[in-house]
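S.K.: sequence and predicted model, in that order:
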Amino acid sequence: MKQEQGMFTRTENDVEEFVATAKEYVVTRYDLIRLKAVSKSTTFLASAIVYSIAAVFGCFFLFFVSYAAAGYLSDLMENKYSGFLMIGAFYFLLAMLLLILNKKYFHHPLVDKFIREFLKEH
């Protein structure tokens, strides 16, 4: 009987040790997932900030180049508004082309790139 009692005591200790180890594993796993999420989100945020700043500078560049081209075309055609209308029509056609080709050439590749970036291991 004593031997069985010792066996039960040992089994109870093993179970308690297993439960404690399992709790520690869950806490450690939670911390790891949280740290990975923080790492991914800060990397994404930093990239988004850099690309946003580059996009703002790109928009300024495009605006001034477009304005200069519109002025040049207006002077060339000797009409105050025709160059600006031509540049506006060019951007309108570009926007229509972007809307037509959006899914195939822009949406899917961008989604794939974001997914690969987010799932990439460091």
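M.R.: Thanks, I have the structure now.

S.K.: how far off centre is the least confident helix or strand in the chain by mean pLDDT?
M.R.: Counting by mean pLDDT, DSSP states H and E, the chain has its least confident helix or strand at helix 108-119, which shows a mean of 82. Relative to its chain's centre, helix 108-119 lies at 7 Å (C-alpha atoms, centre = their mean, to the nearest Å).

S.K.: run through who's touching it.
M.R.: With contact meaning C-beta atoms under 8 Å, 6 or more residues apart in numbering, helix 108-119 is reached by 40, 44, 47. The way it works is simple: take the backbone N, C-alpha and C, and place the C-beta from them, glycine included.

S.K.: most neighbours of all those residues, which one?
M.R.: K40 (15 neighbours; other C-beta atoms under 10 Å).

S.K.: tell me what the longest helix belonging to the chain is packed against?
M.R.: Secondary structure assigned by DSSP state H gives helix 2-77 as the longest helix of the chain. Identification of packing neighbours for helix 2-77 by 3 or more C-beta pairs under 8 Å, 6 or more residues apart in numbering; DSSP states H and E yields helix 82-100, helix 108-119.

S.K.: switch to 6 Å and redo it
M.R.: helix 82-100 (3 or more C-beta pairs under 6 Å, 6 or more residues apart in numbering; DSSP states H and E).

S.K.: in the helix it packs on, what's buried?
M.R.: Neighbour-count burial for helix 82-100, counted by 16 or more other C-beta atoms under 10 Å, picks out 83-84, 87.

S.K.: hmm, back to that, helix 2-77 and the least confident helix or strand of the chain, what's the angle between them?
M.R.: Put simply, helix 108-119 runs at 140 degrees to helix 2-77, going by axes from the mean of the first three to the mean of the last three C-alpha atoms, to 10 degrees.
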